[in-house]
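# Generate coordinates for the sequence data below:
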Amino acid sequence: MDRSGNALLERPIGALAGVGPSVAAKLARLGVDRLGDVLCLLPQRYEDRTQIVPLGALNPGQKALVEGEIALAEVAFRRRRSLLCRLADGTGSITLRFFHFHPAQQRALERGVRVRCFGEVRAGPTGLEMVHPEYRVLGRAEAPPGTTLTPVYPATEGLTQQRLRQIAEQALALLEREPLPDYLADLVPSGWPSLAEAIRGLHRPPQDSDAALLASGKHPWQRRLALEELIAQRLSLRRSSLAARRERAAVLEDGEGLLAAFAASLPFAMTGAQRRAIEDVARDLRAGAPMNRLLQGDVGSGKTVVAAAAALIAAAAGHQTAVMAPTELLAEQHFATFARWLEPLGVELVYLSGSQNAAARAGALGALASGRAKIAVGTHALFQEAVRFERLGLVIVDEQHRFGVAQRLKLKNKGDDGTFVPHQLIMTATPIPRTLAMTAYADLDCSVMDELPAGREPIRTVVMPEDKRAKLVERLAAHCASGQQAYWVCPLIEESEATESSAASELAVELAAALPDLSVGLVHGRMKPAEKEAVMRGFKSGDVHVLVATTVIEVGVDVPNATLMIIENAERMGLAQLHQLRGRVGRGLAASTCVLLYQPPLSEVAAERLRVLRATGSGFEVAEKDLELRGPGEVLGTRQTGLPELRVANLVRDADLLPQVVAISERLLEAHPERVEPLIRRWIRGTTEYAKV
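Predicted coordinates for the structure are as follows:
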């Protein structure tokens, strides 16, 4: 017996009548595998089929339920073969047109048959018509129309709305016989509907329901389910966090005073945000429980300094640190920066990547296994089986959403010796909206880098149509003639790295011809690492004036003298990516400009993205708007993070529920722990144990 009260929800969808393997496979495409999924497959909209509209009162564009007798039925062979049925009710008539029909359907819709049908009215060649309406042949004692609005569910090929409604009705009937426990009944605000009322109302709303409120997603029924789903998600992460705190980690302290020496050696003064973040990290590392800290901040806010300080504390305590970056370019830059700062303090580092030669790799592996090297910087090569650490105490992951869950878990496990697990510092240059931080990152402590280094000027953003390209090239020539450098980014247009690289190569040739006095470099994803490194080294040294690149330079590249960023086809890119690319300039003290080159006409969403980029330089404002435009799944990269997708709630629409979500979830953990597990099981399938490894 299932004591959680979820037995009904967890039954396979095949338990319903008429749902065989073929139908079950189609339902799976909608995310429906069990009965609980049916109840959460909420209608996208509703249609009012409670009133029969006289045929004489119909107007084009109207969706209506009509009833009448077929006065004429024929198969027409005009431009397309079609079945035409003339329906009349004494007040007027309308043509029912079917392009796809079978003989049994033709026989059923013969003259003299009474039919009730629903569809959209449109103007046809011979008057008003409905094309492929939903219909039912009426018997002698036909029941009047229903008293509830008709739900329209998300569609998938091979499943009609009628079949989906039948499946939902079966699930609701079971729910009537086996009511679900309402774990929030005594915790939701007064006057809110119960769980059963909300589910029933959303699948069978009475005809007087507020259709506009339902369409907005703000109806109390929708809010009740959204609240419960968000609470379940937060509880799953909080439970993971509490479980992690019961694990043990090595106590890491800077007993040698290396942090003070590090701060004194830097060629710049740290910002207040950097100092606060380092204090947060140092406090976590000496606590004896595993640190799980998210370090988020805008591009150029100085997260690398915090990461280096964390690795230095670990080294001072005799432990090793693994620093993992998503690309070789960024890993190489991290290695160079860490080496420049930390080697003078006596800390040995090694670099690991998939492309390095066998001798260099063997040397790095030996230094790690012996414990001589205290810091390993690299790409996914760090978690390969051959890599052995002597005492891995800290894992630093940069741009964590770019790694799969299994990859991060492998790296964490390299430091799990059965007694201690490594501390973790996760960095992201994509500021996370508050709504996401409160839910999707509820198991992480968070440090926010909300200051830029002193002297940095805001980046001016210009939006320019493609037909101004010639003038832009002239401006580029003058810019570089003044001693400054520029990026010209040619992003992915088709789903092919080869196509992207080819487009970038063509652009580089075009610019080299137009700018004979300048050196034009090229970097793209299909180049060998050594070739990319040579070009980047030339760009950093100033020998290359213009760097044509694909979005491979989106993260991490730091060239203070590059003060102009031109982004081709900006209308095709997301807000977060545009903001990341813009952040490649403005790294020094000189004023910088970002030009967003677009191909008109712009869609509404593309125009809004470009407007937001022009209006603000704040990564947090950009992130909030990105969440609004794209949704949490795309912003977080849900498939990568391992987080469950929300089925009912919407983090933008339901953001005002989050204070209640936090309060109720904490109350459940403290006062009603027996409800936590069944509530999580009700909403979240599969494991969430390593959602934030």
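
# From residue 538, how far off is residue 395?
If you measure residue 395 against residue 538 using C-beta to C-beta, to the nearest Å, the figure is 33 Å. For the C-beta atoms, the positions are set from N, CA and C on the backbone; glycine is no exception.

# Same drill for the two, tell me which one is more crowded.
Between residue 395 and residue 538, residue 395 has the larger neighbour count (other C-beta atoms under 10 Å), namely 26 against 15.

# Give the bridge partners for the more buried one, please.
On DSSP bridges, the residues paired with residue 395 through beta bridges are residue 322, residue 424.

# My guess is it contacts residue 413. True?
No - the pair residue 395 and residue 413 fails to qualify as a contact (C-beta atoms under 8 Å) at a distance of 10.1 Å.

# Just after the worst-scoring helix or strand of the chain on mean pLDDT, pick out the following helix or strand.
Using mean pLDDT, DSSP states H and E, helix 638-641 stands out as the lowest-scoring helix or strand of the chain, at a mean of 42. Once the chain leaves helix 638-641, the next helix or strand it forms, by DSSP states H and E, is helix 658-671.

# can you list the residues that contact that following helix?
183-184, 187-189, 227, 230-231, 234-235, 238-239, 242, 435, 438-439, 675-676, 679 (C-beta atoms under 8 Å, 6 or more residues apart in numbering).

# again with stretch 332-347
258, 261-262, 265-266, 304, 307-308, 311-312, 315, 323, 325, 349, 351, 353, 374-375, 377-378, 398, 533, 556-558.

# show me where the stretch 251-400 of the chain has strands.
All strands of the stretch 251-400 of the chain, identified by DSSP state E, counting those that start in this stretch, fall at 292-297, 320-324, 349-352, 375-378, 392-398.

# Okay, now the sheet partners of the host helix or strand of residue 521, with direction.
Taking DSSP H and E as the definition, one finds residue 521 inside strand 520-523. Here strand 520-523 has these sheet partners by DSSP bridges: strand 546-549 (parallel).

# pLDDT of the helix or strand following the strand it pairs with, averaged?
Per DSSP H and E, the first helix or strand lying C-terminal to strand 546-549 is strand 562-567. For strand 562-567, mean pLDDT is 95.

# Which residues belonging to the top helix by length along the chain are considered buried?
When the chain is parsed with DSSP state H, its longest helix is helix 220-245. Within helix 220-245, the residues scored as buried using 16 or more other C-beta atoms under 10 Å are 221-241, 244.

# same question, stretch 98-114
For stretch 98-114, a neighbour-count test (16+ other C-beta under 10 Å) marks 98, 101, 109, 114 as buried.

# do stretch 253-266 as well
Using 16+ other C-beta under 10 Å as the test for burial, stretch 253-266 gives 254, 258-259, 262.

# between the residues you listed, which is nearest residue 286?
Residue 286 has its nearest neighbour among the buried residues of stretch 253-266 in residue 254, at 8.9 Å by C-beta to C-beta.

# Give me the local confidence score for that closest one.
Note on residue 254: pLDDT of 91.
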